[in-house]
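Peer 1: Using only what follows, build the 3D model:
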Amino acid sequence: MMLCKPSVISPSPTCPFHLASSNSRNPRTAAFCSAGWIRSMAIDRAAVSPPRKRPISASEARISLVFALTSQASSLSQRLLMDLATETAKYVFPKRFDSRNLEEALMSVPDLETVKFKVFSRRDQYEIREVEPYYIAETTMPGRTGFDFSGSSQSFNVLAEYLFGKNTTNEKMEMTTPVYTRKAQSDGERMEMTTPVITKKVNDQEKWQMSFVMPSKYGANLPLPKDSSVRIKEVPKKTVAVVAFSGFVTDEDIQQRERKLREALKSDREFRVKPGTSVEVAQYNPPFTLPFSRRNEIALEVERKEQ
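Peer 2: Numbering: from 1, shown residues only. Coordinates of the predicted model:
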């Protein structure tokens with residue numbers, strides 16, 4: 001009887017136990033042979049089985065985590081840099097409106113969405129535009145002037161929070177241009193304004209209203225604001241007389257320019273100032289823009305004269 005199984009373990013020709021087991025039926029010899037066979041099987045299995053992994057130390061785990069976070073941060077930084085470059089390009093490579101003089105030729109505006117309009121005609125001192133309908137987000141601001149820094153900043157931040165995610169869908173919307181400031185009559189007239197930020201004054205209450213114009217792609221499907229002080233309104237189509245100027249805006253400057261525009265419109269053969277209208281001031285540029293390259297506009301709503 002054979003004690004070893006050559007078909008499973010290849011015996012060594014010099015193994016004394018195998019030689020003995022093949023020529024002898026001695027039980028003791030057979031036992032030695034069986035033990036050798038078992039040890040050979042154990043060694044063979046150990047050679048085939050994968051080595052057990054060494055436990056990772058705490059310091060090694062921390063190093064691995066640092067490398068993983070660094071890789072993730074690098075990827076995120078690249079995306080942020082691309083977004084930043086895209087946004088910066090809108091200001092570094094601005095767009096320009098058609099100009100009538102050197103002052104307007106030096107003006108530039110960010111390459112952001114603005115309210116759509118069509119120029120009907122150009123006069124020596126102003127131009128007549130037909131402005132398409134749009135939606136605004138509006139809030140009432142403190143202060144007695146339309147250009148009070150504290151009141152404007154507070155209202156701007158409230159509207160910016162809505163625009164950048166403080167709404168029912170937590171959606172971040174694109175910024176538009178320009179910023180509009182508007183004084184309104186106290187007779188409760190409907191507010192009719194242009195582009196992203198508009199401020200409206202209610203004379204009898206000494207209050208102003210600032211408005212952001214919403215991106216046109218949403219139409220009427222705008223997310224609702226979470227802040228109850230923010231209201232969503234639609235502004236209908238209108239016709240306005242517009243004068244462009246550079247520099248920084250002050251209340252005194254606007255008063256003078258409004259009087260001049262109203263006086264010029266008295267001689268217009270086709271249009272006249274709409275009764276009850278008030279001046280709108282558009283500011284297209286961010287605060288860091290140099291005064292001579294800033295574009296500002298004042299506008300008065302007009303209507304055609306009766307023939």
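
Peer 1: Could you use CA atoms for every contact and neighbour count after this?
Peer 2: Noted.

Peer 1: in stretch 164-181, what's buried?
Peer 2: 165, 166, 167, 173, 175, 176, 177, 178, 179, 180, 181 (16 or more other C-alpha atoms under 10 Å).

Peer 1: Same question for stretch 279-288.
Peer 2: Taking 16+ other C-alpha under 10 Å as the criterion, stretch 279-288 shows 279, 280, 281, 282, 283, 284, 285 as buried.

Peer 1: cool, and stretch 212-223?
Peer 2: By neighbour count on 16+ other C-alpha under 10 Å, the buried set for stretch 212-223 is 212, 213, 214, 215, 216, 222, 223.

Peer 1: what's the answer for stretch 131-143, then?
Peer 2: If you call a residue buried by 16+ other C-alpha under 10 Å, then stretch 131-143 has these buried ones: 131, 133, 134, 135, 136, 137, 138, 139, 140, 141, 142, 143.

Peer 1: Per-residue pLDDT of the fifth one, please?
Peer 2: For residue 136, the pLDDT comes out at 87.

Peer 1: In terms of helices and strands, where is it?
Peer 2: strand 134-141 (DSSP states H and E).

Peer 1: And that strand, what does it pack against?
Peer 2: helix 149-163, strand 207-213, strand 231-235 (3 or more C-alpha pairs under 8 Å, 6 or more residues apart in numbering; DSSP states H and E).

Peer 1: and the longest one with strand 134-141, angle?
Peer 2: Inter-element angle recorded for helix 149-163 and strand 134-141: 130 degrees (by axes from the mean of the first three to the mean of the last three C-alpha atoms, to 10 degrees).

Peer 1: Residue ranges in this protein under the pLDDT threshold?
Peer 2: 1-62, 65-67, 69-70, 72-96, 100, 143-144, 183-207, 307 (pLDDT under 70).

Peer 1: As a check, name the ranges of all helices in it.
Peer 2: Per DSSP state H, the chain carries helices over the ranges 16-23, 27-48, 58-92, 102-106, 149-163, 251-265.

Peer 1: buried stuff in the fifth one?
Peer 2: The reference is to helix 149-163. 151, 152, 155, 156, 158, 159, 160, 162, 163.

Peer 1: Those into CSV, with extra columns for distance to residue 304?
Peer 2: Output for these, formatted as CSV (distance: C-alpha to C-alpha, whole Å):
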residue, distance to residue 304
151, 36
152, 34
155, 35
156, 35
158, 37
159, 35
160, 37
162, 37
163, 36
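
Peer 1: and which of the residues you listed is nearest residue 256?
Peer 2: Among those, residue 152 lies closest to residue 256 (C-alpha to C-alpha), at 21.4 Å.

Peer 1: For beta bridges, what are the partners of the nearest residue to the closest one once chain neighbours are set aside?
Peer 2: Computed as C-alpha to C-alpha, 6 or more residues apart in numbering, the closest residue to residue 152 that is not its neighbour in sequence is residue 141, at 7.0 Å. Beta-bridge partners recorded for residue 141 (DSSP bridges): residue 208.

Peer 1: residue contacts, residue 141?
Peer 2: Residue 141 makes contacts with 151, 152, 154, 155, 207, 208, 209, 210, as judged by C-alpha atoms under 8 Å, 6 or more residues apart in numbering.

Peer 1: ok, the last one - how many residues close by?
Peer 2: Right, residue 210. 28 (other C-alpha atoms under 10 Å).

Peer 1: Do a quick rundown of the strands in the stretch 151-300 of the chain.
Peer 2: Applying DSSP state E, counting those that start in this stretch to the stretch 151-300 of the chain gives strands spanning 179-184, 198-202, 207-213, 231-235, 238-245, 271-273, 280-283, 296-304.

Peer 1: how about those, which one is nearest residue 101?
Peer 2: Across these, residue 101 has its closest neighbour in strand 238-245 (10.4 Å, C-alpha to C-alpha).

Peer 1: orientation of that closest one relative to helix 251-265 in degrees?
Peer 2: Here strand 238-245 runs at an angle of 120 degrees relative to helix 251-265 (the same axes, to 10 degrees).

Peer 1: Just list what strand 238-245 packs against, helices and strands only.
Peer 2: helix 102-106, strand 127-131, strand 296-304.

Peer 1: Skipping adjacent residues, who's closest to residue 241 in space?
Peer 2: Nearest residue to residue 241, sequence neighbours excluded (C-alpha to C-alpha, 6+ apart): residue 128, at 4.6 Å.

Peer 1: So the one you found sits against residue 240, correct?
Peer 2: Yes - counting by C-alpha atoms under 8 Å, residue 128 does reach residue 240; the two are 5.7 Å apart.

Peer 1: Mind checking which of those two has more residues around it?
Peer 2: residue 240 (27 against 21).

Peer 1: Spit out the contact partners of that one.
Peer 2: 128, 129, 130, 131, 299, 300, 301, 302.
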